[in-house]
Every structure is written in C-alpha cells, then in structure tokens.
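K.L.:
My questions are about this predicted structure, shown below with the sequence.
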Amino acid sequence: MDQAIVDCWKIKKEIALQGGGELRIEKQTQSGKKTARERISMLLDEDSFEEIDQLATSQFLTQKEYTDGVITGFGTVEGQQVAVYAQDFTIKGGSLGKRHADKICKVMDMAAKIGCPVIGIIDSGGARIDEGIHALSGYGQIFMRNSRYSGVIPQISVILGPCAGGAAYSPALTDFVFMTSEISQMFITGPQVIEQILFQKISKDDLGGALVHSQQSGVAHVVSSSEEECFYKLKALLSYLPSNYKSYPRDVDNFEEATTINLEKIVPSNDLQAYDIRDVITAVVDPDSFFEIQPLFASNIVVGFSRINGRSIGIVANQPMNKAGVIDIDASDKAARFIRFCDCFSLPVVSFVDVPGFLPGIDQEHNGIIRHGAKLLYAYACATVPKITVVIRKAFGGAYVVMGSKELGADFNYAWPAAQIAVLGAKGAISILHSRQLASASSESKESLQKELEDQYSKEFLNPFIAVESGYIDSIIEPNKTRHHLIQALNITQDKVENPPKRKHGNIPL
C-alpha cells in the first residue's frame, strides 16, 4: 500500500471532520446550535454511523470544501436502521448545491432500497446562489424523492436552523417535522422581502418560528425547547414506527398493565360538561405510552401514537376540552393526515368519539369546511388497516359518520351505555320537530313543554340501542372494560386483509 496515498487520505479525512473550521464551529456554538456531527452523534447509537461521500466537493466552486456542506450516511437508533443527512451550517451556511443535493438523493435512494426511515437534519441558508440553476435542480430532485418515497419509508425532518424559500417544501413533503424553540425557522418569503414588498416588519421567529408552526400553520408536528429534547422525542417517535411499508413496528414485550382507573368518573354524565380526552386515552393504553402529535394545533382533536399490550397503534380522538370537540377545518386536516400515515405503515387506528358535530359558521363554510371535512371522510374510508371505534358520549349528525363509523369501514364499533348517537342533540331536534307546537304554547307552559319533549326525545333516540339493533354498533361495553375489548379487537384484526378496487390511485379532495 502506497504510504503517501494513505497519508494524503488521512489528511483529507481530518479536514472533512473539521467541517468549516474552528472559527465557524465556534460561531455555530455561540449561536446556541450544535454542529452537524454533534447532532448525528446525539441521534445515533454509539459507533453505528457509517458515513458516505465524506470527501465530496462541488465541481462549480473554486474553493473546495469536503462533504460540500452535508454529512450523509447510515446508522442505528436503539438498534433500528436509519438513513440520515445533516446539513453543516459551518460550510457555506449549509447552502445546497448540486453535489450537496446528489449526496442527499443518494442516501434517500439507498434508504428506499433497503427499507429504512430517512431523517433529514436541516440547517441551511437555502439554494447556493453561485451554483444557480444547478442548485434549483438539486431541490427538485429531492422533492421528487420525497414524493415518490412517501408511504414507502417513513421520512422525518428535523429543523435546527433556517429553512427558507423553496427548501421548506422538502420538510413539508415528509411525514413529520420537528422544530426547536429559538433556533428553528421555516418560511417561503423571509422578513426582509416581506418588508420590502408589503412594508410589514416581522421577526424571523414571529414569521416562521417553532411556536408559529406548531400552533397556527400546523407545519410542525413536534416542538422541543432544546436540541437534546428534540432528539429524545425523535427516538421516542421512531420506536412506534416500522422501517418501511412492508414491515411492522416492533412490539414491546416488557410493557406494564394499565392502572385500573374508573373511566366513568373521568367522563361526566352531563354531556355539556367538558373533560380531557387524554385522561381516557392514558387510562386505556399501556402506561406512559401515549406520544401526542401536533398537540398545540387544532387541539379540538387529539392524535398520536400509543401501545396496547405492547402493540403500536394510532389514536384519533375528539377533545371536549376545546371547542366542545367539534370538527373544524384544521381538525379535519390534522386527523386525515395522521390516519393516512397510519394506513401507509400498517398501524391500526383506534378512534374515541365524543363529537357534537361540525363547527358552524360563515368563516368555516367560506374557507371550505366541506372540502376539508371530506379529507377526513376519505382518509377513514380508504384506510385498510384495522379500525376500531369507541363512542364515549356524543356522536351527532355527519360527525358521527366521519369519525370512524361502521359505514366508513370500521371493523369494530363499540359504544358506552350512555352514548348518544343521533342526527341532533335533544334541544336542536325538538326546536325543529316541534317548532309549531312550541310556538303556540303559552309562555307559562313553554318551558315545561320544552323539557317534556326533550326528555321524550332523549329516551327514544339519544341512546346506542337503535344503533346496536341495526348493526351500526357491534356491542355496548362497560367503560372500565374498554381496554379489554380493544385488546380483543386488535388480536382479531391482526391479520386483516382488505383488497380495495383496482385503480391507479384515488383523488383525495385536497
């Protein structure tokens, strides 16, 4: 072996490991951010990282920088194989050029071939201006792979710095977006351009920070206060997911049995009284196993991953604590997207229903509640994974149908004894059915007549018996035996096979 070549390689390798050099690394640290290599070390199991294209350089730049601003390779997270790329802000601000993009595309292609999740750690100033169209072409190639591999392997984006302009569309195409307070920003048009064109002043964080995207836009799925917390949560998420669409999540054998909690005490008998649906979820699933997705966005619906008897599941639940649990535009989008992911990767969907209907209002109608609500219908109807639904309290009108009803292909539909399944609640129904009778009643007798008619309607219609007798509900169950019935249903449907009609693909109402 030629020692001169070996020595040359060692020098180049050492330069590559130093990134943009000590001064740039120090500047990165002073800004409160970890380096790309530190981030990879935080994510992956010790000594598991196999780097590729370490000595890559741009063919368009006179000053060669090894890695070309992105570190790519493979490793394991708690034993699970993953592909990873981390943009290095110390090299040309992590900007993307052709060779930089080629490296990302290469690792994504390999991830799809071997069937493992791909994790992108984003910290970039955007397209490399001095590479022009070549940089734009690089983004296009990444977008194509994000789209083509959607539903093939899980794709996760971790935003740990700027992600601006067209670059933001790659994370938007992935399954989950992680952001960290104070250091993460995403926007198509930056504050300077907005000020120049629209004369509006706004900071980077107020325009596209973690809080904005977790509460208002819904772009971010998980938000952390530090990079350490971010990677901790990322590892937790990966533990629920399979490696690809052909595999299944790893079951947890050493799970604890759920603590016995009286569910009837959690859910008030007064259907106008709110409660936290998370209390019901945590009482039913394996202890400490609920991982909520987008907790701050559209909080009138709760979605997340959990385990029952060690098996990974997806959960969709109305949240009476917020807007009484009604379904609105954002809730429809949030739940539909989550259900579609679960269906892509063979995760059963368990739905907890307590919904008074769709949110009424001029804004909702004009902004497309029909179109957005149809997304949720479509997602439930097209999902072929096991679907199990529990009606806890209210299930009124079209919202009953939307929330994992038997008509949309649910495999098991349960209801608690106090569940109300009807077109309308008592007050609304009586005001329509007996409007003339109430209008002609004297003021003295109107209140008592209203109550009498509501009581009669409630006794006749606001119960699960008609639904059970007609087969729309499979069984009325005791609240405290909900976990038992979910375990049974999951065991029964474990090997479920459903063959949808042959077609190229459906046309979801986007």
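P.N.:
Received it, and whenever you're ready, just let me know what you need. Note that the structure is a prediction, hence the values are computed from the model and not measured.
K.L.:
what element comes up after the lowest-mean-pLDDT helix or strand in the chain heading to the C-terminus?
P.N.:
Scoring the helices and strands of the chain by mean pLDDT, DSSP states H and E places helix 426-433 at the bottom, with a mean of 69. The helix or strand immediately downstream of helix 426-433 is helix 435-440, counting by DSSP states H and E.
K.L.:
Just the C-alpha atoms of that following helix, please, in CSV.
P.N.:
Extracted as CSV, the C-alpha positions of helix 435-440 are listed here (Å, rounded to 0.1, in the frame of the first residue of the first chain):
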residue,chain,number,x,y,z
SER,A,435,-91.4,24.2,16.3
ARG,A,436,-95.1,24.9,15.7
GLN,A,437,-96.2,23.2,19.0
LEU,A,438,-93.6,25.3,21.0
ALA,A,439,-94.5,28.5,19.1
SER,A,440,-98.3,28.1,20.0
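K.L.:
helices or strands up against it?
P.N.:
Applying 3 or more Cβ pairs under 8 Å, 6 or more residues apart in numbering; DSSP states H and E, we find helix 435-440 packed against helix 443-461. The C-beta positions use only the backbone N, C-alpha and C, and glycine is treated the same way.
K.L.:
Count the neighbours of the residue nearest to Phe291 when sequence neighbours are not counted for me.
P.N.:
Nearest residue to Phe291, sequence neighbours excluded (Cβ to Cβ, 6 or more residues apart in numbering): Phe305, at 4.7 Å. The local packing of Phe305 (other Cβ atoms under 10 Å) involves 24 other residues.
K.L.:
On the three-state scheme, Phe305 is what?
P.N.:
Under DSSP: H, G, I helix; E, B strand; the rest coil, Phe305 falls in the strand class.
K.L.:
now do Lys394
P.N.:
Here Lys394 is recorded as strand under three-state DSSP.
K.L.:
Surely it is in contact with Asp271?
P.N.:
Yes: Lys394 lies in contact with Asp271 (Cβ atoms under 8 Å); the separation is 5.8 Å.
K.L.:
So for the two, which sits in the more crowded spot?
P.N.:
Shown here are Lys394 and Asp271; by other Cβ under 10 Å, Lys394 has more neighbours (26 against 19).
K.L.:
can you pull the contacts of that one?
P.N.:
Asp271, Gly325, Val353, Asp354, Val355, Pro356, Ala419, Gln420, Gly425 (Cβ atoms under 8 Å, 6 or more residues apart in numbering).
K.L.:
Could you give the bridge partners of the fifth one?
P.N.:
For Val355, the residues forming beta bridges with it (DSSP bridges) are Ala395.
K.L.:
so who does it touch?
P.N.:
Residues counted as contacts of Val355 (Cβ under 8 Å, 6+ apart) are Asn318, Gly325, Val326, Ile327, Lys394, Ala395, Phe396, Ala399, Tyr400, Met403.
K.L.:
let's see it at 10 Å
P.N.:
By Cβ atoms under 10 Å, 6 or more residues apart in numbering, the contact set of Val355 is 300-301, 317-320, 324-327, 331, 391-400, 402-403.
K.L.:
Out of the residues you listed, which end up buried?
P.N.:
Among the contacts of Val355, those classed as buried by 16 or more other Cβ atoms under 10 Å are 300-301, 317-320, 324-327, 331, 391-397, 399-400, 402-403.
K.L.:
Next, check these against the helices and list the overlap.
P.N.:
The members of the buried ones among the contacts of Val355 that map onto helices under DSSP state H are Ala331, Gly397, Ala399, Tyr400, Val402.
K.L.:
Can I get the residues you listed in CSV including pLDDT?
P.N.:
Output for those, formatted as CSV (pLDDT from 0 to 100):
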residue, pLDDT
Ala331, 98
Gly397, 89
Ala399, 95
Tyr400, 95
Val402, 97
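K.L.:
Give me the neighbour count for the residue lying closest to Ser299 once chain neighbours are set aside.
P.N.:
Of all residues not flanking Ser299 in the chain, Asn322 sits nearest, at 4.5 Å (Cβ to Cβ, 6+ apart). Residues lying near Asn322 (other Cβ under 10 Å) number 17.
K.L.:
how close does Asn322 sit to Pro295?
P.N.:
Separation of Asn322 from Pro295 (Cβ to Cβ, to the nearest Å) stands at 11 Å.
K.L.:
which neighbours do the two share?
P.N.:
Val302.
K.L.:
Measure how buried Glu182 is and give me the count.
P.N.:
14.
K.L.:
Can you read off the backbone torsions of it?
P.N.:
phi 80, psi -30 (degrees, to the nearest 10).
K.L.:
Could I get the contacting residues of it?
P.N.:
Counting by Cβ under 10 Å, 6+ apart, Glu182 has contacts Ser31, Gly32, Lys33, Asp205, Gly209, Ala210, Leu211, Ser225, Ser226.
K.L.:
Which pLDDT value goes with it?
P.N.:
We have a pLDDT of 93 for Glu182.
K.L.:
Would you map the strands across the stretch 151-300 of the chain?
P.N.:
Along the stretch 151-300 of the chain, the stretches classed as strands by DSSP state E, counting those that start in this stretch are 155-159, 162-164, 176-180, 185-187, 222-224, 291-293.
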